[in-house]
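**Student:** What follows is a protein structure lacking sequence information:
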């Protein structure tokens, strides 16, 4: 008997889910090396880890955080359905945050039911425009979108720093802006600390799922992802598809910024996100670009993130453990990607 | 200031040259930033342990090289999409260094001493690598093999070239040079460690390769241009009354603009890129 690798061309939905689950388990196993290195019993560590991520009160934190990561994951998924790599989710998030807080200053005297819709629109539009730039350049001139989106991420951080130290400065000497006006805060569900924006995120996921699955435009987008030359032969306009998917993605990414400003932090600062826009890349790939799976994946993995964050206060682990977790998770998952092209085959008999 | 410009240029140049060689063989490694930061941390850690910056330098090259081999296994042998694999390299590099490096945060004292005009031997090595890369790529049979593999692997296979071997070598060279440029950053330019210390320089190097139209001497020019812009954007605050933060966006804006110019029909970067770039090669049986 011999175990060999066999090339395959078709993969079922069930097998994809299996790959995601197996790679998740393997990355947790791989990560226990880090616990062992730090002299901590991995089983004990994982009990704390899951306890913190998935039981109250940590669970509330997980759900609150899921809102951002779901928006971010959707923002990554939409363009990749058309074969465009949106690594600029982080930038679109900050652009949305700028839009939300900027309009809250402008309309400071308005009641909540006017100011909040304005903030939502502003963050979506600003995020959308920011993503439209690389989308248009990709569609029209075939400029590598991974580079342009990343450069825009670096640029927006500097813009945020400028705004926080300059025109929107709050406390003198600190790089934090003035707080958002009280009317511009999204109410929270009971005393859980979860803003109602979570429903906006889930609604967006469902809407995007229907859009991609059930509409003609969604079909065109998918066709570009699967077979760009066939789509072009069929007379479809890549420039338009690229611009549109990126604009849509930017809008969703901008909403994550709105959530963070209006629902959670309340001030603009350059460390609003520790890199969630980059984590969303991993989340989106694991969800296999399915917006509905993205809801589940971002909830579970955000629970992991929150669990990981408990590690340094409770177990005295070093800072950066969250980054390492994402790194290990990502690399293990990508190692498993080859199972999309190959499968193990057991040779029986004595050939 | 001129010294700083030269140093930043050399950092961009070394990583860019490595990536150029890798891309010439048809393998796109967008994980330059990850390999660079890996080199940066390795150089600090091993210099601190041994007290000898040259050992740190060597370990930086090994650190970058190991990550690139991982990219090689994934993208060359297992046919994982190269963008996905490169992204994994990047996120893993960032994550690993953030965790391990948190014990090394702050400044450190061991650096490579300067020899002439305040420049270290590394700078001259970086300069010498440009004609060397050009010579190997365009004047030797090995270079011809690399370019054939990058343009048309099917033809290369007919010619009896070992495609996988060539690609592994090129990817490994790319990784070692990204590691070296990270070491240059930490042992010469700024002896300091913080999370994500490379601050986008790896991505700039990656875009410089497109700018160079895959030619080493144009890459040299581009590196100096961006080295200048990087330092200029920091120093400009002393000359004009604009806020520092906004000026710091200059190199990144310029990178986008150069990408636009170079991709226009006149220069046609898309037509000149290695034809098999980013595509995994699966031999027909």
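**Tutor:** Nice, I can see it. Computed from a predicted structure; not experimentally measured.

**Student:** tell me which parts of the stretch 51-200 of chain B are close to chain A?
**Tutor:** By C-beta under 8 Å from any C-beta of the partner chain, the residues of the stretch 51-200 of chain B that approach chain A are B:70, B:74, B:78-81, B:83-85, B:87-89, B:91-103, B:195, B:199-200. (C-beta placed from N, C-alpha, C; glycine too.)

**Student:** quick one, helices of the stretch 1-150 of chain B?
**Tutor:** B:2-24, B:32-50, B:53-72, B:82-101, B:121-139, B:141-151 (DSSP state H, counting those that start in this stretch).

**Student:** Now do the longest one, average pLDDT.
**Tutor:** Per-residue pLDDT values over helix B:2-24 give a mean of 90.

**Student:** and it, is it in reach of chain A?
**Tutor:** No. Judged by C-beta under 8 Å from any C-beta, helix B:2-24 stays clear of chain A, getting no closer than 11.6 Å.

**Student:** Quick check: buried residues in that helix?
**Tutor:** B:4-24 (16 or more other C-beta atoms under 10 Å in any protein chain shown).

**Student:** neighbours of the residue of the stretch 101-250 of chain B found nearest chain A, just the number please.
**Tutor:** Among the residues of the stretch 101-250 of chain B, residue B:245 lies nearest to chain A; the distance is 3.9 Å by C-beta to the nearest C-beta. Residues lying near residue B:245 (other C-beta atoms under 10 Å in any protein chain shown) number 20.

**Student:** Also residue A:343?
**Tutor:** 14.

**Student:** Give me the nearest residue to it, chain neighbours excluded.
**Tutor:** Excluding the flanking residues, the one nearest residue A:343 by C-beta to C-beta, 6 or more residues apart in numbering or on different chains is residue A:8, at 5.2 Å.

**Student:** And whatever residue of the stretch 201-350 of chain A ends up closest to chain B, which helix or strand is it part of?
**Tutor:** Closest approach between the stretch 201-350 of chain A and chain B, counting by C-beta to the nearest C-beta: residue A:327, at 2.3 Å. Here residue A:327 sits within helix A:321-335, counting by DSSP states H and E.

**Student:** Please apply the same query to residue A:4.
**Tutor:** Assigned by DSSP H and E, residue A:4 belongs to strand A:2-7.

**Student:** and that strand, what's its mean pLDDT?
**Tutor:** Averaged across strand A:2-7, the pLDDT comes to 72.

**Student:** is the very next helix or strand once past it up against chain B anywhere?
**Tutor:** Moving toward the C-terminus from strand A:2-7, the next helix or strand (DSSP H and E) is helix A:13-37. Yes. For a cut-off given as C-beta under 8 Å from any C-beta, helix A:13-37 has contacts with chain B, namely residue A:34.

**Student:** hmm, stretch A:271-281 in reach of chain B?
**Tutor:** Yes. Contact of stretch A:271-281 with chain B (C-beta under 8 Å from any C-beta) involves A:278, A:281.

**Student:** List the buried residues in that stretch.
**Tutor:** So for stretch A:271-281, counting by 16+ other C-beta under 10 Å, buried means A:272, A:273, A:275, A:276, A:277, A:278, A:279, A:280, A:281.

**Student:** closest to residue B:191 among those?
**Tutor:** Nearest to residue B:191 out of these is residue A:275 (C-beta to C-beta; 25.2 Å).

**Student:** Find the nearest non-adjacent residue to the closest one, please.
**Tutor:** residue A:90 (6.8 Å).

**Student:** which ones are touching the one you found?
**Tutor:** A:153, A:156, A:273, A:275, A:276, A:277, A:278 (C-beta atoms under 8 Å, 6 or more residues apart in numbering or on different chains).

**Student:** so who does the fifth one touch?
**Tutor:** Contacts here follow C-beta under 8 Å, 6+ apart; on that basis residue A:276 touches A:68, A:69, A:72, A:89, A:90, A:93, A:256.

**Student:** gap between stretch B:191-209 and the chain center?
**Tutor:** 9 Å (C-alpha atoms, centre = their mean, to the nearest Å).

**Student:** got the buried residues for that stretch?
**Tutor:** B:191, B:193, B:195, B:197-209.

**Student:** same question, stretch A:113-121
**Tutor:** A:115, A:116, A:118, A:119, A:120, A:121.

**Student:** ok, the residues you listed vs chain B, which is closest?
**Tutor:** Chain B lies nearest to residue A:119 out of these, by C-beta to the nearest C-beta, at 23.9 Å.

**Student:** quick one: the closest one and residue A:262 touch, right?
**Tutor:** Yes. With contact defined as C-beta atoms under 8 Å, residue A:119 counts as touching residue A:262 (6.0 Å).

**Student:** Apart from its chain neighbours, what residue comes closest to the residue in the stretch 1-150 of chain B positioned nearest to chain A?
**Tutor:** Per C-beta to the nearest C-beta, residue B:95 is where the stretch 1-150 of chain B lies closest to chain A, at 2.3 Å. Nearest non-adjacent residue to residue B:95, counting by C-beta to C-beta, 6+ apart: residue A:327, 2.3 Å away.

**Student:** How about residue A:338?
**Tutor:** residue B:78 (3.6 Å).

**Student:** burial measure for the one you found, as a count.
**Tutor:** By other C-beta under 10 Å, neighbour count at residue B:78 equals 20.

**Student:** Could you list the contact residues of the stretch 251-351 of chain A toward chain B?
**Tutor:** So far as C-beta under 8 Å from any C-beta goes, the stretch 251-351 of chain A lies against chain B at A:278, A:281-282, A:285, A:318-321, A:323-328, A:330-331, A:333-335, A:337-338, A:341-342.

**Student:** Could I get the contacting residues of the residue nearest to residue A:338?
**Tutor:** In this structure, residue B:78 makes contact with A:337, A:338, A:341, A:342, judged by C-beta under 8 Å, 6+ apart.

**Student:** so the second one touches residue B:75, yeah?
**Tutor:** If I follow you right, that is residue A:338. No. The criterion here is C-beta under 8 Å, and residue A:338 misses it with residue B:75 at 10.0 Å.

**Student:** These two: which is more packed in?
**Tutor:** When residue A:338 and residue B:75 are compared for neighbours, residue B:75 comes out ahead with 28 against 19, by other C-beta under 10 Å.

**Student:** quick revisit: tell me the helices and strands packed up against the strand holding residue A:4.
**Tutor:** In terms of contacts (3 or more C-beta pairs under 8 Å, 6 or more residues apart in numbering or on different chains; DSSP states H and E), strand A:2-7 is packed against strand A:342-347.
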